[in-house]
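# Sharing a model prediction with you, sequence too.
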Amino acid sequence: MEIKVLGTGCPRCKALEKTTRDVVAEMGIEATIEKEEDIVKIIGYGIMHTPALVINGKVVLSGRVPSASEIKEAIHKNQ
């Protein structure tokens with residue numbers, strides 16, 4: 001599974017990255033987690049607000065920091 005956290009480095013983006021890493025560790029799944037801070041690449045995903053969470057190339061959440069349970073649900077739906 002490939003997970004990307006899109007964001008330019010703001011506190012909300014960092015919070016999403018940390019929560020995502022915690023959730024993946026808790027779930028015990030194999031996943032590559034990358035932080036994408038290049039604004040051109042972020043825009044390429046078609047999002048207007050960061051942070052955003054991309055799972056296997058699909059934007060699943062954007063514009064807010066979701067709860068850990070929301071991230072778990074998104075991972076389950078997009079495995």
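Sure, I can see it.

# can you confirm Val54 is in a strand?
Yes: assessed with DSSP: H, G, I helix; E, B strand; the rest coil, Val54 lies in a strand.

# okay but it is in contact with Val60, surely?
Yes: with contact defined as CB atoms under 8 Å, Val54 and Val60 form a contacting pair (6.9 Å). Backbone N, C-alpha and C define where each C-beta goes, glycine included.

# So which of the two has more stuff around it?
Here Val54 and Val60 are compared on neighbour count by other CB atoms under 10 Å; more neighbours surround Val54, at 21 against 18.

# So for that one, what's the nearest residue that isn't a sequence neighbour?
Once its chain neighbours are removed from consideration, Val54 has its nearest residue in Lys4; the separation is 4.1 Å (CB to CB, 6 or more residues apart in numbering).

# What of Glu34?
Counting by CB to CB, 6+ apart, Glu34 lies nearest to Lys4, which is 4.9 Å off, once chain neighbours are set aside.

# For that neighbour, give me its contacts.
33-36, 53-54 (CB atoms under 8 Å, 6 or more residues apart in numbering).

# Closest one to Ala68 out of those residues, please.
Distance to Ala68, by CB to CB, is smallest for Leu53 among those, at 12.1 Å.

# Show me what the closest one is bridged to.
Following DSSP bridges, Leu53 is listed with bridge partners Val5, Leu61.

# Would you enumerate the residues in contact with the spatially most central residue of the chain?
Against the mean C-alpha coordinate of the chain, by CA atoms, centre = their mean, the closest residue is Leu53 at 2.6 Å. For Leu53, the contacting residues are 3-6, 16, 20, 59-62, 66, 71, 74, by CB under 8 Å, 6+ apart.

# And it, how close does it get to Glu37?
Counting by CB to CB, to the nearest Å, the gap from Leu53 to Glu37 is 14 Å.
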